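**Student:** Sequence plus the predicted model coming up.
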Amino acid sequence: MPHSPAPFPAARLRRMRASAALRDLAQENRLTVKDFIWPVFVRDGENMEEPIASMPGVNRLSVDRVVAAAERAAGLGIPAICLFPYTDPALKTSDCAEAWNPENLTNRAIRAIKAGVPEIAVMTDIALDPYSVDGHDGFVVDGEIVNDETVEALVKMALAQAEAGADILGPSDMMDGRIGAIRTALEAGGHRNVTIMSYAAKYASAFYGPFRDAVGASGALKGDKKTYQMNPGNSDEALRLVARDLDEGADMVMVKPGMPYLDICRRVKDTFGVPTYAYQVSGEYAMLRGAALNGWVDGERVMMESLLAFKRAGCDGILTYFAPEAAALMGPAA
């Protein structure tokens with residue numbers, strides 16, 4: 001239990017806030033550039049940066065520009081970049097075969113980054129929604145998102161990404177049993193050192209809207225994702241899901257969204273003591289950026305305060321679109 005302070009005036013708690021030096025000495029949690037994973041959106045073409053209207057300041061990048069973004073990230077000291085594809089609608093099918101095409105956007109971008117910026121870790125997304133005509137993370141059969149058939153497809157997707165050189169696989173689909181199936185396939189395929197960051201506690205959230213715009217899934221989505229993503233009213237369930245994914249071979253776990261679920265971050269870290277991450281998702285970014293652009297808040301200060309909150313809640317790192325901006329403010333040695 002925390003020690004109770006002596007009675008006033010022997011204890012004046014403001015003493016430790018009286019100067020910047022004292023505040024620094026007493027600070028309990030610190031944010032560094034090493035805490036960041038930068039999510040980026042990949043599109044076809046060359047030398048292209050396409051703005052995303054619902055995410056001001058974020059662009060879809062052609063593969064050559066993604067390599068340049070990785071170089072920028074490495075120069076800032078950011079340890080990892082995460083890829084999300086904007087797939088040509090003509091390549092979206094009911095069987096989602098483009099998801100495990102060795103030459104799809106994600107796999108081409110992985111190879112290009114590892115060739116040009118080998119020191120940065122490349123994380124990927126494993127889910128079928130960027131490749132599905134239905135916009136769902138899994139196969140749709142008679143209106144049902146089917147689990148086991150989807151897991152088979154996710155395994156093929158994971159193996160293709162591992163073959164391309166991915167360092168971290170991020171299964172975001174929330175199908176039952178997919179971590180164990182992917183881990184087994186990676187071991188059998190000789191990819192023993194490929195790590196898995198499981199989207200273990202991913203909620204059926206309204207904060208994902210701008211992301212779906214960014215990957216072109218908004219118009220395709222039929223219905224909602226409540227039969228596989230978590231109920232926002234549940235907390236104990238998140239711990240059961242994390243325990244399951246760790247037992248199946250996940251190396252790291254993620255809570256998504258971030259700021260509305262800081263209580264879940266804290267429970268996960270306190271319960272399991274494993275590498276725990278949060279995704280400051282597109283809706284969170286859009287709210288903070290939009291308010292800053294309107295002059296309603298101090299953009300830099302709310303950005304940094306929001307990121308520090310994840311560390312206070314026990315997170316080891318944060319996926320955030322603010323990564324390069326925050327890193328530039330902090331400096332690579334921060």
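**Tutor:** Received it, and whenever you're ready, just let me know what you need.

**Student:** residue contacts, the nearest residue to D167 once chain neighbours are set aside?
**Tutor:** The shortest distance from D167 to any non-neighbouring residue, by Cβ to Cβ, 6 or more residues apart in numbering, is to A121 (4.2 Å). Any C-beta I mention is one placed from the backbone N, CA and C, and that applies to glycine too. The contact partners of A121, by Cβ atoms under 8 Å, 6 or more residues apart in numbering, come to P79, A80, I81, D167, I168.

**Student:** Am I right that Y228 is in contact with D173?
**Tutor:** Yes. Because the distance of 7.2 Å satisfies Cβ atoms under 8 Å, Y228 is recorded as touching D173.

**Student:** looking at this protein, which helix or strand does the model trust least?
**Tutor:** In the chain, no helix or strand scores lower on mean pLDDT, DSSP states H and E than helix 209-214, which sits at a mean of 81.

**Student:** what element comes up after that one heading to the C-terminus?
**Tutor:** The first helix or strand that comes after helix 209-214 along the chain, using DSSP states H and E, is helix 236-248.

**Student:** so what's L13 closest to, chain neighbours aside?
**Tutor:** P5 (6.5 Å).

**Student:** Quick one, grab the pLDDT at the one you found.
**Tutor:** pLDDT for P5: 82.

**Student:** I'd like to know how many residues surround G290.
**Tutor:** Counted with other Cβ atoms under 10 Å, residues neighbouring G290 total 15.

**Student:** Tell me the spacing between it and S282.
**Tutor:** G290 sits 12 Å away from S282, going by Cβ to Cβ, to the nearest Å.

**Student:** now do A238
**Tutor:** Distance from A238 to S282, by Cβ to Cβ: 21 Å.

**Student:** Check F207 too.
**Tutor:** Counting by Cβ to Cβ - F207 and S282 are separated by 7 Å.

**Student:** Repeat that for V215.
**Tutor:** Note on V215: its distance to S282, by Cβ to Cβ, is 10 Å.

**Student:** go on, R17?
**Tutor:** Here the criterion is Cβ to Cβ. By it, R17 lies 35 Å from S282.

**Student:** In terms of neighbours, single out the busier of the two.
**Tutor:** Ranked by neighbour count (other Cβ under 10 Å), R17 and S282 place S282 first, with 24 against 11.

**Student:** residues near the closest residue to S54 other than its chain neighbours, how many?
**Tutor:** Distances taken as Cβ to Cβ, 6+ apart place P210 nearest to S54, at 3.8 Å, with adjacent residues excluded. The local packing of P210 (other Cβ under 10 Å) involves 23 other residues.
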